[in-house]
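**Student:** Below are the sequence and a predicted model; questions follow.
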Amino acid sequence: MNLSFYKYQGTGNDFVMIDDRSEVFPDTNLNLVQQLCDRKFGIGADGLILIRNKEDFDFEMIYFNADGSQSMCGNGARCAVAFSKFLGIIEEKTSFLAIDGPHTAEISDGLVSLGMGNVSSIDNAGQDFFVNTGSPHHVRFVENVDEYPVVTTGADIRYSKTYEPKGTNVNFVTPIAADQIHVRTYERGVENETLSCGTGVTACALVYGDQNNQNEVKIKTPGGNLKVQFESEVDGSFKNIILIGPAEQVFQGIWKN
Ligand SMILES: N[C@H](CCC[C@H](N)C(=O)O)C(=O)O
């Protein structure tokens, strides 16, 4: 198999991107997805994204975590917008389909502003919080996220009975300014800490902003800086949620196997 691919990263969350408008990628072959994402025996990535044609939309993004499971991916969607512009599918604005439904986005100077799906509620989860921003997120506020055991505690929560059978992503948050938080994330399907998680920082920004009267929150992650804007509704839901950050092409290649 000769498979042309591009490697993209959005604040350090990295993806194998494939222009699959010809629909030849064997999308049921999860072993291949795992192999391509393997950082020793494959290309190496947190996930893999197929771009396909979709009626009524500019494109459809099909996202796989490194373990082959599927979910909505915010950083991956930002990279899909940048990749689609590179391919000439779109110019500055787009409407595309992802697993959690339709999205709009704008791209300029490498910065992607991604419209996220509406969020119906923030739920309590013991002393912590739970938000579904297209993928499930547990959110815990901690004293000093830099020193926090993200992988061990993240895995404990991710595999806990509370979240059986599908599990959840787990985010740890320390506020660092009135309108800024520092977030580290344990990602389901990668089963490790990633350098950032788009749907995760969105969940954290909604919880923090809701508690601190902010509707624009800056987020520092190990992989870079992101921003989330949103509107709160009186019924506790959120709309017009926008995730803003860079998305860059790192390299391209041919997978011969
Ligand atoms: N691991 C997540 C999906 C990718 C989320 C993350 N990469 C993002 O940017 O949103 C899950 O299984 O729900």
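**Tutor:** Happy to help now that I have it.
**Student:** Tell me the residues on this protein that lie near the ligand, please.
**Tutor:** 13, 46, 65, 69, 71, 73-76, 135, 169, 187-190, 197-199 (Cβ under 6 Å from any ligand atom). No exception for glycine: its C-beta is placed from N, CA and C like everyone else's.
**Student:** Starting from the helix or strand that contains Phe64, tell me the next helix or strand along the chain.
**Tutor:** Applying DSSP states H and E as the criterion places Phe64 in strand 57-65. Next along the chain after strand 57-65, taking DSSP H and E as the criterion, comes helix 74-86.
**Student:** orientation of that following helix relative to strand 57-65 in degrees?
**Tutor:** In terms of direction (axes from the mean of the first three to the mean of the last three Cα atoms, to 10 degrees), helix 74-86 departs from strand 57-65 by 140 degrees.
**Student:** List the buried residues in helix 74-86.
**Tutor:** For helix 74-86, the neighbour count (16 or more other Cβ atoms under 10 Å) marks Gly74, Asn75, Gly76, Ala77, Arg78, Cys79, Ala80, Val81, Ala82, Phe83, Ser84, Lys85 as buried.
**Student:** repeat for stretch 35-54
**Tutor:** For stretch 35-54, a neighbour-count test (16+ other Cβ under 10 Å) marks 36-37, 42-43, 45-52, 54 as buried.
**Student:** before we move on, what about stretch 106-125?
**Tutor:** Those would be Glu106, Ile107, Val112, Ser113, Leu114, Gly115, Met116, Gly117, Val119, Ile122, Ala125, for stretch 106-125 by 16+ other Cβ under 10 Å.
**Student:** sorry, back to before: adding pLDDT, write the buried residues of helix 74-86 out as a markdown table.
**Tutor:** Converted to a markdown table, the buried residues of helix 74-86 look like this (pLDDT from 0 to 100):
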| residue | pLDDT |
| --- | --- |
| Gly74 | 98 |
| Asn75 | 98 |
| Gly76 | 98 |
| Ala77 | 98 |
| Arg78 | 98 |
| Cys79 | 98 |
| Ala80 | 98 |
| Val81 | 98 |
| Ala82 | 98 |
| Phe83 | 98 |
| Ser84 | 98 |
| Lys85 | 98 |
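**Student:** nearest to Ile244, of those?
**Tutor:** Each of the buried residues of helix 74-86 was scored against Ile244 by Cβ to Cβ, and Arg78 proved nearest at 8.7 Å.
**Student:** hang on, the earlier thing: among the buried residues of helix 74-86, list the two that are farthest apart in space.
**Tutor:** Once Cβ to Cβ is applied, the buried residues of helix 74-86 give Gly74 and Lys85 as the farthest pair, at 17.5 Å.
**Student:** Quick one: end-to-end length of stretch 107-122, please.
**Tutor:** 29 Å (Cα to Cα, to the nearest Å).
**Student:** right, and Ser196 touches Cys204 too?
**Tutor:** No. With contacts counted by Cβ atoms under 8 Å, Ser196 stays clear of Cys204, the gap being 11.0 Å.
**Student:** Provide a list of residue ranges in the stretch 101-250 of the chain with pLDDT below threshold.
**Tutor:** For the stretch 101-250 of the chain, applying pLDDT under 70 flags no range at all.
**Student:** could you pull out the helices for it?
**Tutor:** 150-158, 198-212 (DSSP state H, counting those that start in this stretch).
**Student:** okay, the ones you listed, which one's buried deepest?
**Tutor:** Counting by mean count of other Cβ atoms under 10 Å, helix 198-212 has the highest mean neighbour count of those, with a mean of 25.
**Student:** Alright, that wraps it up for me.
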